[in-house]
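Q: Have a look; sequence and predicted model below, questions after that.
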Amino acid sequence: MTHTPKLADRLTQLLRPALTSSLRVRATQADVDQLEAIEAARLAANPLATPNPIPEVGDWIVPPGPITSRPGIRFQGAVGPVSLLPDATTDPRTIERVLDPAETANGVDDDEDGLIDEGTLRGTSGATGFALALDVEAVSFTLNGKVLDVEVSLARKDQSRNVFRSTFRHSIWLRNN
């Protein structure tokens with residue numbers, strides 16, 4: 001298994017300086033539908049208004065509601081020794097699960113290895129990508145005020161091909177707006 005205390009430390013290092021005002025998630029069909037309805041109501045109330053572009057599924061967006069159970073997150077962090085300088089920010093960073101090539105996000109073991117929808121928990125900072133954990137079956141980010149709850153489900157096989165699963169939960173206090 002991925003060493004969870006090490007993963008917790010790495011997630012904390014990456015996420016603690018995150019600016020909550022910079023948090024983005026990938027648009028789902030429900031998000032697109034909600035944003036289309038909001039935009040239609042806005043244009044109905046003001047027919048002369050300039051239409052706003054509607055994102056496509058998979059685009060990074062400011063969520064139209066609370067961040068709950070999202071499989072990935074994008075953010076910028078404050079820069080500085082104490083990370084409390086809101087005018088100086090990092091390049092956009094992401095943390096999300098990337099499925100293994102033989103897998104599809106369908107709740108089925110597509111490659112018949114005993115693991116379901118497994119992939120890599122990947123991070124990016126600017127153009128640099130890096131692996132945070134392997135054999136990740138699910139990941140979820142939920143924002144509660146300034147606390148970001150992260151849940152990662154991991155799976156591994158031993159030499160006898162027995163599958164062992166564990167779920168790791170970690171809460172991170174985001175220090176910036």
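A: Perfect, thanks for sending it.
Q: where along the protein do the strands fall?
A: Using DSSP state E, the strands of the chain run over 25-26, 60-61, 72-75, 93-99, 119-125, 128-144, 147-157, 163-173.
Q: packing partners for the last one?
A: In other words, strand 163-173. Here strand 163-173 touches helix 4-15, strand 147-157, going by 3 or more C-beta pairs under 8 Å, 6 or more residues apart in numbering; DSSP states H and E. Every residue, glycine included, has its C-beta placed from N, CA and C.
Q: tell me the angle of the last one relative to strand 93-99?
A: Okay, so that is strand 147-157. 30 degrees (axes from the mean of the first three to the mean of the last three C-alpha atoms, to 10 degrees).
Q: what lines up beside strand 147-157 in the sheet?
A: strand 128-144 (antiparallel), strand 163-173 (antiparallel) (DSSP bridges).
Q: average model confidence for that strand?
A: Across strand 147-157, the average pLDDT comes to 91.
Q: Grab the nearest non-local neighbour of the residue sitting nearest the centre point of the chain.
A: Among the residues of the chain, the one closest to the centroid is residue 72, at 1.6 Å (C-alpha atoms, centre = their mean). Among residues not flanking residue 72 along the chain, residue 96 sits closest, at 2.7 Å (C-beta to C-beta, 6 or more residues apart in numbering).
Q: isn't the one you found right up against residue 139?
A: Yes. Look at residue 96 against residue 139 with C-beta atoms under 8 Å: they come within range, at 7.1 Å.
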